[in-house]
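[1] I'll drop the sequence and a predicted model, then ask my questions.
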Amino acid sequence: MLIQAILASAWSGIARALGNQASLERPLICSTVVGIIYGNFGLGLAIGGTLELMWMGVEGIGGASPADVTVSSIFATAMACSHGYGVSEAVALAVPVSLLGNVIKQMVTSANSFFHRRFEALAEKGDIDALCKWTLWSTPYNFAVGFLIVFLGIQLGSDAVQALFESVPAWLTTGLGKAGGILPAVGFAMVLRMMYKAEYLPFLAAGFVLGAYLNMPILGVAILGAAVSAVLFSIRQQIKRVGGQG
Amino acid sequence: MSTATKTASSRGPKTTGKSWFHYYLRSLSICPCWFSYDKMQAMSALFTLAPVIKANARNKEEIIEACKTNVQFFNTQPFMANFIFGLCIALIENHESQEAIQAIKVGLMGPFAGIGDSLLWFTVRPILFSIGAGLALQGNAFGPIFSLASFWFIGQYIVRYHGMKLGYEQGTRFIEEFAESGLMEEITNAISIVGVTVVGTLVANWVRASSPLVFKASAEDAGMQLQPMLDMLMPKLLPALFTGLAYWLLAKKKVHPVAVILIFMVGAVVLSYFNII
């Protein structure tokens, strides 16, 4: 059990050290990797897919993220794999942990300001090599932070989580299972909030019809959408060019 | 631009002899670089540009000046940053003043963050990762691999690696025109259309909600089931309504995303307890 906890924590460290640029911090990737580590690939995939859809629009930008999706999906998947829970328990666990993880993240970001006072002093002296060396050190530092958060979480929280889920009545488990089915709606709404404009309503409706009435798979819809969008794009460019001449 | 500088720039910046791949690797420091609320990505600008600064400085004062300006606040979208870094490399090689370089850096980071956030973080990545998540939920191991590989190709190779070269080769005016021209908006528009269409299908495919409710007039009555009636009205009506409710809470009522998730969880448990869903 310890070796799995160490590997899962190491993944948290890697995801944190590389940050959102590498996209290794997304729930889909984290839960799948943790599933592999615990020898339950199928469960990891299922949890990752569900959490990814639920948190689709959650992005950490400018240090202001609404939830720590990385720590929570790693922790929830590790708990589900080691205690034998299903997807709905993992989702129920991931939500509160994402809030707690976010508080820790904000504390670390605030603490980092301390280091910048030192960097300003080095800059005054023009010690460019020392500044570069310090920047490189941020990678193991972030790895350690990411590692410790998940490792301590698993070590300290595992028994509490088990005790919590032992006393859960059947109606609550059923309800959480239903919630797991509905929660992707929140993820989709979050993405829509970022890109939706009233003029896109026909496309939203068309996509819904393709899925609900024709059961078209998602990649097919994406290609069809890209084709329509490309035609519209070139028409708009054409109009612009003609308008420019006139 | 002469042929000689063009070949030099396709290998890397002309003054350092290091390849573009080397600078791409240095730019990866943008996420871990002691990210804080007051300086954000400052250190990665210094770290990425350091070899060029050292190769082009004519005296110690220029290095001090470059260090002092490059530990100042910097923040943009991590991939779009490379356009700015490429441009900065060209400016340093031309021995532009640090004030001029800093003014361009600060002037471009806002518009480039706006373009990059809406295009890459909120459109391209959700589309690619939702396709992968859909595959994963069907038990397909290629789901996560598809998402990562496709997003890395677009983000890391096309935008980052080539973006840096483009910033270096095309220079200030091109990059400023690029940031201000309507073209990026048009591209964002086109990709948003794909995104919104995909989300429409995702709602139908991946929000699972149905009602077991049965209306009975008396105990002997076989009853009328609600769900078949809803299906006749419109398939996936409940998923569409739930998504609409979530959108209304998030966008119109400005409820915190995690609060919306909690509302939906509690709501689902309560509705399920009374056998409504």
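    On my side now, so go ahead.
[2] buried ones in the helix or strand encompassing residue B:269?
    Using DSSP states H and E, the element containing residue B:269 is helix B:257-273. Judged by neighbour count using 16 or more other Cβ atoms under 10 Å in any protein chain shown, the buried positions of helix B:257-273 are B:257, B:258, B:260, B:261, B:262, B:264, B:265, B:267, B:268, B:269, B:271, B:272. Using the backbone N, CA and C atoms, a C-beta is placed for each residue, glycine as well.
[3] Just the pLDDT for residue 201.
    No chain was given, so I picked chain A. Listed pLDDT for residue A:201 reads 94.
[4] ah, I was thinking of chain B
    The predicted local confidence for residue B:201 is 94.
[5] Just list the residues touching it, thanks.
    A:207, A:208, A:210, A:211, A:216, A:218, A:221 (Cβ atoms under 8 Å, 6 or more residues apart in numbering or on different chains).
[6] one more time with 6 Å, if that's ok
    Residues counted as contacts of residue B:201 (Cβ atoms under 6 Å, 6 or more residues apart in numbering or on different chains) are A:207, A:210, A:211, A:218, A:221.
[7] Turn those residues into TSV, including secondary structure.
    TSV is the format used below for these (DSSP: H, G, I helix; E, B strand; the rest coil):
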residue	secondary structure
A:207	helix
A:210	helix
A:211	helix
A:218	helix
A:221	helix
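[8] Domain map for the chain?
    You didn't say which chain, so I picked chain A. Annotated domains of chain A cover A:2-196, A:197-246 [automatic domain parsing].
[9] meant chain B, my bad for not saying
    Using automatic domain parsing, chain B is parsed into the domains B:3-192, B:220-273.
[10] So which residues of chain A form helices?
    A:2-18, A:27-37, A:41-54, A:69-83, A:87-125, A:128-166, A:170-182, A:184-195, A:201-212, A:218-245 (DSSP state H).
[11] Quick one, which of those gets closest to residue B:115.
    If you check each of these against residue B:115 by Cβ to Cβ, helix A:184-195 wins as the nearest, at 13.3 Å.
[12] Next, see if the closest one gets close to chain B.
    Yes. Counting by Cβ under 6 Å from any Cβ of the partner chain, contacts between helix A:184-195 and chain B involve A:184, A:185, A:186, A:188, A:189, A:190, A:191, A:192, A:193, A:194, A:195.
[13] still on that earlier bit, which of the domains of chain B is buried the deepest?
    With neighbours defined as mean count of other Cβ atoms under 10 Å in any protein chain shown, these peak in mean count at domain B:3-192, which reaches a mean of 19.
[14] Distance from that one to the middle of the chain?
    13 Å (Cα atoms, centre = their mean, to the nearest Å).
[15] Out of the buried residues of helix B:257-273, which are close to chain A?
    Near chain A, by the rule Cβ under 6 Å from any Cβ, you find B:257, B:258, B:260, B:261, B:264, B:265, B:268, B:269, B:272 out of the buried residues of helix B:257-273.
[16] quick one: contacts for the second one?
    If you count contacts by Cβ under 6 Å, 6+ apart, residue B:258 has them with A:66, A:67, A:99.
[17] how about a markdown table for these, with neighbour count, distance to residue A:79 and pLDDT added?
    Supplementary listing: the contacts of residue B:258 in a markdown table, determined by neighbours: other Cβ atoms under 10 Å in any protein chain shown; distance: Cβ to Cβ, whole Å; pLDDT from 0 to 100:
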| residue | neighbour count | distance to residue A:79 | pLDDT |
| --- | --- | --- | --- |
| A:66 | 20 | 22 | 81 |
| A:67 | 23 | 17 | 88 |
| A:99 | 17 | 16 | 88 |
